[in-house]
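Trainee: pasting the sequence and the predicted coordinates here, then a few questions.
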Amino acid sequence: MYLEFYNLQEFPFALVCDERYFFESARHAEALANMTYTTQQRKGMVLITGEVGAGKTFVGNLLQNRLGAGAHTAYMRNPAQSAKQLIRAVAGEIGMNIKARADKLELLEQLEAHLVRMNQRGRLVVLVLDEAQDLPAASLEELRLLWNWEDSGQRLIQIVLIGQPELRQRLLEPQWEPLRQRIVLSYHLLPMDRADVERYVPHRLKVAANGSEPNVHFTPEALAEIFAATDGVPRLINVLCDNALLIGYARGEHEITRGIVQDVLRDMTCWPLRSSGTRPAGREFSSTEAHHG
């Protein structure tokens, strides 16, 4: 609708995982680099948590690209609701043909044999489980057992758990101590700070212009309002900016002002209204929480 008006080739704030739009904030870049290194070197399990919309799934998708052609990544977006379902799903993701009536023991034997063959061919196999906070206890326990498989001193499968903060709290329960000990990288992905937001919005506009100069500008006051309203959560920023561009187009404006952003917040979102002028001091900067086990 507004692409030609703003000299854009694509919608800059679409909610899709397109690597061209990845903005390497310090937090997201560090998380991705650590995930890639730990997985490539077969160091152990990886745990990535963050609030809804913080960019966890985006980072998980980018991991597949960063691992390269020598890796086979199985990405599971819907949590398996039983241990057998998990095994069957993993087998399917790595290209195995499984009999419909195969029991769990047969599935495990076939999966392990297949992973051994892949390892002997020099293939790295990575299992990424999104929304892992919803995995039942049996599936979590099965993951621990899968991670124990090895051949010639190398783990047969690398496991990356991605989920909301309650996953981290769940794994602190005593019963998950054996699984928790296998997690060598634990990273909580925080939202972007104000400086990152001020660079993030122009970055996405530039990518969407595809080599041209975008004919739209967000004022510093508008960016401050966007940060105040979203707390730096990428998904919320995208929704707010897309609607702001729509309002600007309807009004014939190439400059997105604080007033336009406030109109979007009032009329087009269901978020609590907040103002950059009343934002509590100190909230815009918080350190990334990451640790290596």
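Mentor: Perfect, I can see it now. Nothing here was measured: the structure is a model prediction, and the numbers come from that model.
Trainee: quick one: the helices in this protein, in order.
Mentor: 26-40, 56-67, 83-93, 104-120, 137-147, 165-171, 177-180, 194-209, 220-230, 234-251, 258-267 (DSSP state H).
Trainee: so which of the ones you listed is nearest residue 15?
Mentor: Closest approach to residue 15 among these (C-beta to C-beta): helix 234-251, 5.9 Å. All C-beta spots, glycine's among them, are computed from the backbone N, C-alpha and C.
Trainee: may I have the closest one as CSV, with CA atoms only?
Mentor: What follows is helix 234-251, C-alpha atoms only, in CSV (Å, rounded to 0.1, in the frame of the first residue of the first chain):
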residue,chain,number,x,y,z
PRO,A,234,11.5,-6.2,18.4
ARG,A,235,8.1,-7.6,17.5
LEU,A,236,6.3,-4.7,19.1
ILE,A,237,8.6,-2.2,17.4
ASN,A,238,7.7,-3.8,14.1
VAL,A,239,4.0,-3.6,14.7
LEU,A,240,4.2,0.0,15.8
CYS,A,241,6.4,1.2,13.0
ASP,A,242,4.3,-0.6,10.3
ASN,A,243,1.2,1.1,11.5
ALA,A,244,3.0,4.5,11.8
LEU,A,245,4.0,4.2,8.2
LEU,A,246,0.4,3.4,7.3
ILE,A,247,-0.8,6.5,9.1
GLY,A,248,2.0,8.7,7.6
TYR,A,249,1.0,7.5,4.1
ALA,A,250,-2.7,8.2,4.7
ARG,A,251,-1.7,11.8,5.7
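Trainee: what comes up buried for that helix?
Mentor: Of all the residues in helix 234-251, those buried under the rule 16 or more other C-beta atoms under 10 Å are 234-245, 247-249.
Trainee: any idea how far residue 182 is from residue 175?
Mentor: 14 Å (C-beta to C-beta, to the nearest Å).
Trainee: who has more neighbours out of the two?
Mentor: residue 182 (16 against 12; other C-beta atoms under 10 Å).
Trainee: tell me the pLDDT of the more buried one.
Mentor: We have a pLDDT of 91 for residue 182.
Trainee: once you drop chain neighbours, what's closest to it?
Mentor: Spatial nearest neighbour of residue 182, excluding adjacent residues (C-beta to C-beta, 6 or more residues apart in numbering): residue 45 at 4.8 Å.
Trainee: count of residues packed around that neighbour?
Mentor: Using other C-beta under 10 Å, residue 45 has 24 other residues around it.
Trainee: just residue 85 next, same as before
Mentor: Neighbour count for residue 85, taken as other C-beta under 10 Å: 17.
Trainee: on the pLDDT front, check the residue nearest to it when sequence neighbours are not counted for me.
Mentor: Closest residue to residue 85 apart from its sequence neighbours, by C-beta to C-beta, 6+ apart: residue 139 at 7.7 Å. pLDDT recorded at residue 139 is 91.
Trainee: ok, now residue 293?
Mentor: Model confidence at residue 293, given as pLDDT, is 40.
Trainee: same check, this time on residue 70
Mentor: On the pLDDT scale, residue 70 gets 79.
Trainee: once you drop chain neighbours, what's closest to it?
Mentor: With sequence-adjacent residues excluded and distances taken as C-beta to C-beta, 6+ apart, residue 70 is closest to residue 124, at 6.0 Å.
Trainee: okay, the one you found: pLDDT?
Mentor: If you check residue 124, the pLDDT there is 91.
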